[in-house]
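S.K.: Let me see the structure of the following:
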Amino acid sequence: MADSEKNDLFYVCSLIEYIARVTKNKRGVVANCLGHDGVEKELKDAGVNHCLSFEQVGEEVVERYNIPQGDFETVENCKYSVPSYTDIGRLYSIMIMDCAKPGEETDMLIRIFSSVISDYISNFNSDCYYQNPSYLEESFKAGELL
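M.R.: As a prediction, this is how the structure comes out:
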């Protein structure tokens, strides 16, 4: 994967995290609303969109893909310092690059964001986000925290 593709993947993962927080959805809800074609489009547009604010792009994506408001609050009730959406985006992009076969990054993105591990990562009252990515990758493969 070229560096520009890695940056695009990081951007889209951060965008999904941002949108999930704003709409109060599980990360998999956002990824599944985009679907394969939508993720591909956002990856293609990332080179231009990264120059815009997450607020603007997020609002456009929510409207384009009809992402509903949810009730999965991860920030408001957090007792600790909340990692930024780019911190979380970086973690997801590392996991996707490590787990996906070449050319299958889009499908792996949807799978990881839709997995139970994503819910654990989103619990900012736990230390799951701070775990080694390889531990989270193995937990993803097992379908549970190891």
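
S.K.: so what's G89 up against?
M.R.: Counting by Cβ atoms under 8 Å, 6 or more residues apart in numbering, G89 makes contact with F10, Y11, V12, C13, S14, L15, I16, E17. To be clear about C-beta, it is placed using only N, CA and C from the backbone, and glycine gets the same treatment.

S.K.: Using the three-state scheme, assign the fourth one.
M.R.: Judged by DSSP: H, G, I helix; E, B strand; the rest coil, the three-state class of C13 is helix.

S.K.: Would you agree it is in contact with Y92?
M.R.: Yes: between C13 and Y92 there is a contact at 4.0 Å, judged by Cβ atoms under 8 Å.

S.K.: Are there residues contacting both of those two? Which ones?
M.R.: The contact sets of C13 and Y92 overlap at L109 (Cβ under 8 Å, 6+ apart).

S.K.: rewinding a little: which of the contacts of G89 lies closest to Y129?
M.R.: E17 (10.9 Å; Cβ to Cβ).

S.K.: Mind pulling up the pLDDT for the closest one?
M.R.: Per-residue confidence (pLDDT) for E17: 97.

S.K.: cool, and Y130?
M.R.: In this model, Y130 is scored at 88, pLDDT.

S.K.: Could you measure from it over to V22?
M.R.: From Y130 across to V22, the span is 23 Å (Cβ to Cβ, to the nearest Å).

S.K.: Can you classify L145 as helix, strand or coil?
M.R.: From three-state DSSP, the assignment for L145 is coil.

S.K.: From R27, how far out is it?
M.R.: Taken as Cβ to Cβ, the span from L145 to R27 is 16 Å.
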